[in-house]
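> With the sequence up front, the predicted model follows.
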Amino acid sequence: MIFTLLILLLLWVFQYFFIENYYRSAKKRDMAVAASRISSNSDMDKDDLEKLVYETAFKNAMNVKIVDKFGNEIFKENNMGSLSLLAQDKFGTTTFDLIGKYTESGGQTYSEVISNDYFKMKELVLVTSFGLDTDGTERYLIIEASIEPLASTTKIIREQLIYISIILFELAFIVTMIISRRLSKPIADITKTAKDFGAGDYDVSFNAKGYAEVEELSNVLENAKDEIKKVTDLRKELIANVSHDLRTPLTMVKAYAEMIRDLSGDNPVKREEHLKVIIDESDRLSNLVNDLLAISRIESGNMELNKQNFSIVEKLNDCMTRYKLLIEQEGYDIQYIPDEDREVYADMEKIDQVIYNFINNAINYSGEEKIIRVVQKNMHDCVRIEVVDNGQGISKELLPKVFDRYYRGEKYKRDVVGTGLGLSICKEILKKHDFAFGVQSTEGVGSTFWFEIPITPEEKKHKKSSVKEKNKEKKPPTEQVSDKT
Ligand code: ADP
């Protein structure tokens with residue numbers, strides 16, 4: 001609106017106040033052009049010259065005359081009619097005066113404003129030389145024109161200006177309303193939705209429409225809302241899980257400790273049995289606390305890697321020793337299928353944690369058959385570790401979520417102690433190492449969790465020089481969910 005007002009103001013100032021000055025200077029310019037056009041053709045054929053003068057005088061509403069040195073008219077073309085001052089100069093005194101002034105000025109042209117008192121008008125006269133007459137005397141060209149704009153023209157222009165102003169102002173008002181609605185309404189909608197969301201209503205949806213930027217903002221906020229909702233839901237679930245998982249072992253510890261105090265304290269066999277329950281439950285508690293600590297460290301961005309070279313076969317054999325008891329006592333078939341030994345470079349403790357998590361999950365979800373394989377596959381420049389189980393597998397919809405923080409499969413909530421943090425810790429560790437990892441799973445058939453550790457540069461050199469045909473290794477199979485493949 002301000003912009004329109006400025007335009008209108010400019011129009012009014014120019015049209016109303018400056019139009020006369022502008023008209024005058026434009027007229028002066030036209031006269032100078034006409035004068036030079038005619039005078040430069042002074043040696044033209046008589047008929048052509050008459051035509052030229054006639055045209056020029058007609059087009060510009062001028063009085064044009066060519067006079068001799070005494071001011072006698074040789075030729076004239078008056079297009080101003082009775083308004084012409086020179087036409088009323090019956091005795092030619094004004095003309096004679098003008099010629100005198102021109103000669104005195106000694107210039108190319110002489111011009112002067114004269115006024116017509118009767119019509120209250122101002123006129124401009126211009127005198128310039130027009131070559132020599134047949135007798136060798138000077139001839140002059142005199143042009144006269146009114147420099148007052150015609151009243152009717154000005155009136156029309158001013159009237160039009162009023163209409164233009166009204167139309168422009170109304171148009172500006174309408175356009176302003178439309179634009180401001182289109183611009184501000186979606187933003188106001190988004191603000192309202194954001195306020196509701198901020199107040200804790202997670203069912204709102206950011207779907208403002210209008211123009212590209214607002215739609216993009218709306219989509220970004222919608223995604224952010226989904227993420228926040230997901231995290232909030234998962235946190236709620238985690239608190240529920242954690243409190244449940246903490247309460248069960250604590251109740252067990254308390255109950256068995258009381259049992260030892262009151263009943264089995266003197267019975268070594270029973271006491272051992274009860275103490276084992278207490279120790280197992282304490283282990284569960286400490287695992288849970290460790291997971292929570294690890295995730296809080298990862299969340300605060302404090303995870304440091306302590307990389308070193310180590311033998312992969314040694315590491316995996318070492319891991320397997322921890323499962324001996326489980327294999328002997330609970331009938332699990334856990335086997336490590338090694339390949340040629342390789343030296344790798346990584347944070348050994350953290351890789352250990354990943355392998356344990358994969359194996360523990362395989363144990364937890366392995367189902368009745370209890371068969372778990374830890375497979376080492378040497379690739380061109382890395383070692384691929386796969387933990388394969390033939391448990392229930394993971395459905396296609398849930399597969400992309402298993403590495404998410406706090407995600408736990410519904411089915412296992414009651415029987416298996418877990419926080420839903422194990423795999424997300426693995427993911428953070430492997431991401432921090434920049435290792436490829438992933439999972440392949442078919443429901444009812446089993447799952448394969450895998451990751452790849454690059455071998456050390458020395459190992460690479462050694463490998464290249466010693467065994468050439470090893471380079472023809474197969475590519476890893478494409479996985480359904482993976483970080484890097
Ligand atoms: P937790 O095991 O503590 O629940 P994880 O992050 O280790 O948490 O695993 C997340 C979820 O992924 C598990 O709750 C389970 O539903 C699913 N999962 C992980 N490993 C397997 C597996 N080997 N077979 C089937 N499901 C699995």
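In hand now; what should we look at?
> Pass me the low-pLDDT residue ranges in the stretch 201-350 of the chain, would you?
By pLDDT under 70, the stretch 201-350 of the chain has no low-scoring segment.
> Going by proximity to the ligand, name the top residue of it.
Across the stretch 201-350 of the chain, no residue is closer to the ligand than Asp291, which sits at 7.5 Å (Cβ to the nearest ligand atom). Heads up, the C-betas are built off the backbone N, CA and C, glycines and all.
> Tell me how many other residues crowd that residue.
Neighbour count of Asp291, defined by other Cβ atoms under 10 Å: 19.
> Going by contacts, tell me the helices and strands next to the strand ranked longest in the chain.
When the chain is parsed with DSSP state E, its longest strand is strand 121-132. Under the contact criterion of 3 or more Cβ pairs under 8 Å, 6 or more residues apart in numbering; DSSP states H and E, strand 121-132 touches helix 19-39, helix 93-105, strand 109-116, strand 138-146.
> Which among those is found nearest to Asp339?
Closest to Asp339 of those is helix 19-39 (Cβ to Cβ; 94.6 Å).
> which residues sit against that closest one?
14, 49, 52-53, 56, 60, 62, 64, 109, 111, 124, 126, 128-131, 141, 143, 145-149, 154, 157 (Cβ atoms under 8 Å, 6 or more residues apart in numbering).
> Stretch 319-328: how far from the chain's middle?
54 Å (Cα atoms, centre = their mean, to the nearest Å).
> how about that stretch: buried residues?
Cys319, Met320, Tyr323 (16 or more other Cβ atoms under 10 Å).
> Now name the helix or strand holding the second one.
Element membership for Met320 (DSSP states H and E) is helix 312-321.
> Now do whichever helix or strand comes after that helix: distance to the chain's middle.
With elements assigned by DSSP H and E, the helix or strand that comes after helix 312-321 is helix 324-330. Relative to the chain's own centre, helix 324-330 is displaced by 58 Å; criterion: Cα atoms, centre = their mean.
> Quick check: which helices or strands does the helix or strand just after helix 324-330 pack against?
Scanning forward in sequence from helix 324-330 by DSSP H and E, the next helix or strand is strand 333-337. If contacts are counted by 3+ Cβ pairs under 8 Å, 6+ apart, strand 333-337 sits against helix 312-321, helix 324-330, strand 371-378.
> In its sheet, which strands sit next to strand 333-337, and in what direction?
Applying DSSP bridges to the sheet, strand 333-337 is found paired with strand 371-378 (parallel).
> hmm, the partner strand in reach of the ligand?
No - using Cβ under 6 Å from any ligand atom, strand 371-378 never reaches the ligand; the gap is at least 8.9 Å.
> Can you tell me what sits against the helix or strand just after that strand?
Next along the chain after strand 371-378, taking DSSP H and E as the criterion, comes strand 382-389. Strand 382-389 has contacts (Cβ under 8 Å, 6+ apart) with 312, 316, 339, 342, 344, 355, 358-359, 361-363, 365-367, 371-378, 436, 446-455, 476.
> related to what we said a few turns ago, now the angle from the helix holding Met320 to strand 382-389?
Put simply, helix 312-321 runs at 20 degrees to strand 382-389, going by axes from the mean of the first three to the mean of the last three Cα atoms, to 10 degrees.
> buried set for helix 312-321?
Ile312, Val313, Lys315, Leu316, Cys319, Met320.
> How about the fourth one: what's its closest non-neighbour residue?
This points to Leu316. Counting by Cβ to Cβ, 6 or more residues apart in numbering, Leu316 lies nearest to Tyr336, which is 5.3 Å off, once chain neighbours are set aside.
> wait, what's in contact with Gly92?
Applying Cβ under 8 Å, 6+ apart to Gly92 gives the contacts Phe70, Gly71, Asn72.
> quick one: pLDDT of it?
What the model reports for Gly92 is a pLDDT of 79.
> ok, back up a step: check whether the residue nearest to Leu316 really touches Ile372, as I assumed.
No - counting by Cβ atoms under 8 Å, Tyr336 does not reach Ile372; the two are 9.8 Å apart.
> Just want to know which of those two has more residues nearby.
Between Tyr336 and Ile372, counted using other Cβ under 10 Å, Ile372 has the larger neighbour count: 25 against 17.
> partner residues bridging the more buried one?
Ile334, Asp389.
> Tell me, how many residues neighbour Ile359?
Neighbours of Ile359 under the rule other Cβ under 10 Å: 23.
> Same question for Gly444.
For Gly444, the neighbour count with other Cβ under 10 Å is 11.
> Run through the residues that contact it.
Gln392, Gly393.
> 6 Å instead, please
Each residue near Gly444 by Cβ atoms under 6 Å, 6 or more residues apart in numbering is listed here: Gly393.
> Helix, strand or coil: sort out it for me.
Assigned by DSSP: H, G, I helix; E, B strand; the rest coil, the conformation of Gly444 is coil.
> For the ligand, see how far away it is.
Between Gly444 and the ligand the computed distance is 11 Å (Cβ to the nearest ligand atom, to the nearest Å).
> quick one: what helix or strand has Glu227 in it?
Here Glu227 is covered by helix 212-262, with elements defined by DSSP H and E.
> Give the other helices and strands that the helix or strand that that helix is followed by contacts.
Going down the chain from helix 212-262, the next helix or strand is helix 268-299, by DSSP H and E. Contacts defined by 3 or more Cβ pairs under 6 Å, 6 or more residues apart in numbering; DSSP states H and E place helix 268-299 against helix 212-262.
> Compute the inter-axis angle for the helix it packs on and helix 268-299.
Using the same axes, to 10 degrees: helix 212-262 against helix 268-299 is 160 degrees.
> just checking, what packs against helix 212-262?
helix 268-299.
> ok, back up a step: please work out which of the helices and strands packed on strand 121-132 is packed deepest.
Per residue and on average, the most neighbours among these fall to strand 138-146, with a mean of 23 (mean count of other Cβ atoms under 10 Å).
> just the CA coordinates of that one, formatted as PDB?
The C-alpha coordinates for strand 138-146 follow below in PDB (Å, rounded to 0.1, in the frame of the first residue of the first chain):
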ATOM      1  CA  GLU A 138      19.800  38.000 -45.500                       C
ATOM      2  CA  ARG A 139      16.600  36.000 -45.000                       C
ATOM      3  CA  TYR A 140      15.300  35.000 -41.600                       C
ATOM      4  CA  LEU A 141      13.300  32.200 -40.300                       C
ATOM      5  CA  ILE A 142      10.900  33.000 -37.500                       C
ATOM      6  CA  ILE A 143       9.000  30.400 -35.600                       C
ATOM      7  CA  GLU A 144       6.400  31.100 -33.000                       C
ATOM      8  CA  ALA A 145       4.600  28.700 -30.700                       C
ATOM      9  CA  SER A 146       2.500  28.800 -27.600                       C
END
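> Now do the next helix or strand after that strand, average pLDDT.
Sequence order places helix 151-198 as the next helix or strand after strand 138-146, per DSSP H and E. For helix 151-198, mean pLDDT is 87.
> tell me what helix 151-198 is packed against?
With contacts taken as 3+ Cβ pairs under 6 Å, 6+ apart, helix 151-198 sits against helix 2-12.
> Of the contacts of Gly92, which is the most crowded?
Most neighbours among those, by other Cβ under 10 Å: Gly71, with 21 neighbours.
> and that one, what does it touch?
Gly71 makes contact with Gly92, Thr95, Phe96, Ile99, according to Cβ under 6 Å, 6+ apart.
> Ok, Val313 next?
Residues near Val313 by Cβ under 6 Å, 6+ apart: Pro338, Asp341.
> Good, we can wrap up now.
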